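**Student:** no FASTA, just this:
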């Protein structure tokens, strides 16, 4: 399948996708759609595991939309029955037909957070024998309190930031958009203060400590810049209330850019 | 504080609440509202830990509504500032003023799933040394695949069942209610088939294996019976498509009834 990748994306980039589509004898199969921010969370985790020679994975691109008779793309979602016919192995591991999903040695997992917890349980098992706070795991901290803070942050982004992002983007009426705009900023201020209570600069957990918390927000922050800005005139204000988040994005975006 | 508990609730009951409000020198403080199904998930977990003499906890009742001048209840939510004034220790650990939240040795956690993961990490640590599938942990299985299935089920209930419950209850227009009704049943059919793929009777994980998956749904199923039935004429049909869920509720409700 030829995939149409534009605009280019920071979290790995087109070449990585094309390369991972060629993987033979993968340990893990990732079912993804190149544009899906939820899938990018898992993708970025898998890339960390590849970088450490822990796994190889294969990317299977899922086009969730119907194809025009001339081969072009539509925005008409495929029914679950059509997905099952077109991608039976995918629907086996993701019965609602949603990306991301993985198949690891015949075991299927779906939902971005559940997949990340699974990858952590399987590929960061040494954290289960050490909990002294000095060793950091790969993307999930070994220390129980730090791990819990990562989960609280992830939950906050999922419940208070992402729904507002989509409402702001999709709502037709102006009043609905203004309400979503206000609530999105409120969710980000909360995230800013929470992050500040953990660390004053760098990643969520601080300098050099890239974690699942960073993955929870990064794909959407990128879309604040390239989608919400141009289409909804949205920007995260350059004020004190959001200063920690801007520092965070500097750290995350330069980290991810180096990996392209 | 006198709390008004009616109708009586299955997940522990009024006497348990009143008893836990009296705990001195607790290991954990639980901030809860007696009627909140999210809080009941955590409450039920804490009760399991008490039953095994692992912890003692204190229940702090939070009334999220404004009080009338005659002392009666309103349905007007307190602002976060009013909550901070009235319940400063609570807002310290739950900055958005939502129950459930806990304080464990000065460490605050909020969100029902994150709290359950935390309790599992702290009080079921032996699972971290054994993963042979024979030992079951307390409410979170030791086996990584089983634990992942519990998380997938929890995520499904949280994203596909609970929002439909509230839409059916709160939406004023008939068309909206019918749509919510259809989607709630679709979410339950999916839950039925998922549970059936794990076990054919008893709890989600099968006979004698009460887990976090059961806690994810039980507080809402109880409300299907005592709220959605009377107010929205809703019932889970007695057909093959929901048969596994009915068996599940038999197991869960008789288990919880024995604990009253």
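**Tutor:** Happy to help now that I have it. The model shown is predicted, which means the values in this text are computed figures rather than measured ones.
**Student:** would you agree residue A:249 falls within a helix?
**Tutor:** Yes. Secondary structure of residue A:249 (DSSP: H, G, I helix; E, B strand; the rest coil): part of a helix.
**Student:** so what's it up against?
**Tutor:** Contact analysis of residue A:249 by Cβ atoms under 8 Å, 6 or more residues apart in numbering or on different chains lists residue A:221. Where C-beta positions appear, they are placed from N, C-alpha and C, glycine not excepted.
**Student:** same check, this time on residue A:210
**Tutor:** Contact analysis of residue A:210 by Cβ under 8 Å, 6+ apart lists A:48, A:139, A:203, A:252, A:255.
**Student:** do the same with residue A:169
**Tutor:** Residue A:169 neighbours (Cβ under 8 Å, 6+ apart): A:227-228, A:231-232.
**Student:** which of those fall in helices?
**Tutor:** Members of the contacts of residue A:169 lying in helices (criterion: DSSP state H): A:231-232.
**Student:** confidence score at the spatially most central residue of chain A?
**Tutor:** Geometric centre of chain A, nearest residue: residue A:41, 2.4 Å, by Cα atoms, centre = their mean. Listed pLDDT for residue A:41 reads 97.
**Student:** isn't it up against residue A:216?
**Tutor:** Yes. Using Cβ atoms under 8 Å, residue A:41 is in contact with residue A:216, at 6.8 Å.
**Student:** low pLDDT regions in the stretch 151-260 of chain A?
**Tutor:** A:260 (pLDDT under 70).
**Student:** who in it is up against chain B?
**Tutor:** Selection of the stretch 151-260 of chain A residues close to chain B by Cβ under 8 Å from any Cβ of the partner chain yields A:151-152, A:155, A:190, A:193-194.
**Student:** just the buried members of these?
**Tutor:** Using 16 or more other Cβ atoms under 10 Å in any protein chain shown as the burial test, those include A:151-152, A:155, A:190, A:194 as buried.
**Student:** can you tell me which of those residues is closest to residue A:173?
**Tutor:** residue A:190 (25.7 Å; Cβ to Cβ).
**Student:** in a strand, that closest one, correct?
**Tutor:** No. Counting by three-state DSSP, residue A:190 is not found in a strand; it is helix.
**Student:** ok, now which ones touch it?
**Tutor:** Listed by Cβ under 8 Å, 6+ apart, the contact set of residue A:190 reads A:156, A:160, B:95-96.
**Student:** dump these into TSV; add neighbour count as well.
**Tutor:** Formatted as TSV, these follow (neighbours: other Cβ atoms under 10 Å in any protein chain shown):
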residue	neighbour count
A:156	23
A:160	17
B:95	18
B:96	16
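**Student:** out of the residues you listed, which sit inside strands?
**Tutor:** Among the contacts of residue A:190, DSSP state E puts none in strands.
**Student:** wait, does the helix or strand hosting residue A:50 contact chain B?
**Tutor:** Assigned by DSSP states H and E, residue A:50 belongs to helix A:37-51. No. Helix A:37-51 is not in contact with chain B by Cβ under 8 Å from any Cβ; minimum separation 11.8 Å.
**Student:** what is that helix packed up against?
**Tutor:** In terms of contacts (3 or more Cβ pairs under 8 Å, 6 or more residues apart in numbering or on different chains; DSSP states H and E), helix A:37-51 is packed against strand A:28-32, strand A:57-61, helix A:112-123, helix A:212-223.
**Student:** is it possible to export these to JSON lines including distance to residue A:174 and mean neighbour count?
**Tutor:** Below are the helices and strands packed on helix A:37-51 laid out as JSON lines (distance: least, Cβ to Cβ, whole Å; neighbours: other Cβ atoms under 10 Å in any protein chain shown):
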{"stretch": "strand A:28-32", "distance to residue A:174": "34", "mean neighbour count": "24"}
{"stretch": "strand A:57-61", "distance to residue A:174": "36", "mean neighbour count": "20"}
{"stretch": "helix A:112-123", "distance to residue A:174": "32", "mean neighbour count": "23"}
{"stretch": "helix A:212-223", "distance to residue A:174": "21", "mean neighbour count": "24"}
